[in-house]
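Enquirer: Fold the following for me, if possible:
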Amino acid sequence: MTSRAWLLDLIHKIGEELALCDHLAEKLDDENCKSLYCATLAQRRKDMLLVVNNAEDANLEYWCEFKHAIKAYTLAVEVYDAKQSKESLEQVKQSADILAGVISLFLGLEFKKCARCLNDQLLASYNENINEEKSNA
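Expert: The predicted structure follows:
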């Protein structure tokens, strides 16, 4: 069990895949890097489909917004890692809340503009599904 819904862990993984593609894109003249870039890109797309397939009412009109909000959050975290300041921490918090709003729209959930509230909602839903599976077994 985790303190974060597994779907959010997958979304963070997608963010890391986006960052990895950014870094590999700087070295596309190297065939090995190009191969890794293509593999990472394909995996990121599969992971995004996995998110969609596990949403109760996904709204694909938010596909690009979802991808870019994840990327913005991931880059805000990288900025904070490089320069830990009040300003960069505030950027992380704001990006997390924006990402939460976009995730809620993308997954077809009740709109949340708070990362903690979205996590709590997804975790409650996950626990509810686990309890249903146990009672049906």
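
Enquirer: OK, contacts around Asp57?
Expert: With contact taken as Cβ atoms under 8 Å, 6 or more residues apart in numbering, Asp57 is in contact with 107-109. The C-beta positions use only the backbone N, C-alpha and C, and glycine is treated the same way.

Enquirer: Just the buried ones from these?
Expert: Buried by 16 or more other Cβ atoms under 10 Å: 107, 109, out of the contacts of Asp57.

Enquirer: Tabulate the contacts of Asp57 in CSV, adding columns for pLDDT, distance to Asp30 and secondary structure.
Expert: CSV is the format used below for the contacts of Asp57 (pLDDT from 0 to 100; distance: Cβ to Cβ, whole Å; DSSP: H, G, I helix; E, B strand; the rest coil):
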residue, pLDDT, distance to Asp30, secondary structure
Leu107, 93, 37, helix
Gly108, 91, 41, coil
Leu109, 89, 41, coil
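
Enquirer: JSON lines for the contacts of Asp57, including distance to Glu65?
Expert: JSON lines is the format used below for those (distance: Cβ to Cβ, whole Å):
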{"residue": "Leu107", "distance to Glu65": "12"}
{"residue": "Gly108", "distance to Glu65": "14"}
{"residue": "Leu109", "distance to Glu65": "14"}
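
Enquirer: Closest one to Ser95 out of the contacts of Asp57, please.
Expert: Leu107 (18.0 Å; Cβ to Cβ).

Enquirer: list the contacts for the closest one?
Expert: Contacts of Leu107 by Cβ under 8 Å, 6+ apart are 7, 51, 55-59.

Enquirer: Which pLDDT value belongs to Trp6?
Expert: Trp6 is assigned a pLDDT of 85 by the prediction.

Enquirer: oh sorry, the question was meant for Ile130
Expert: 64.
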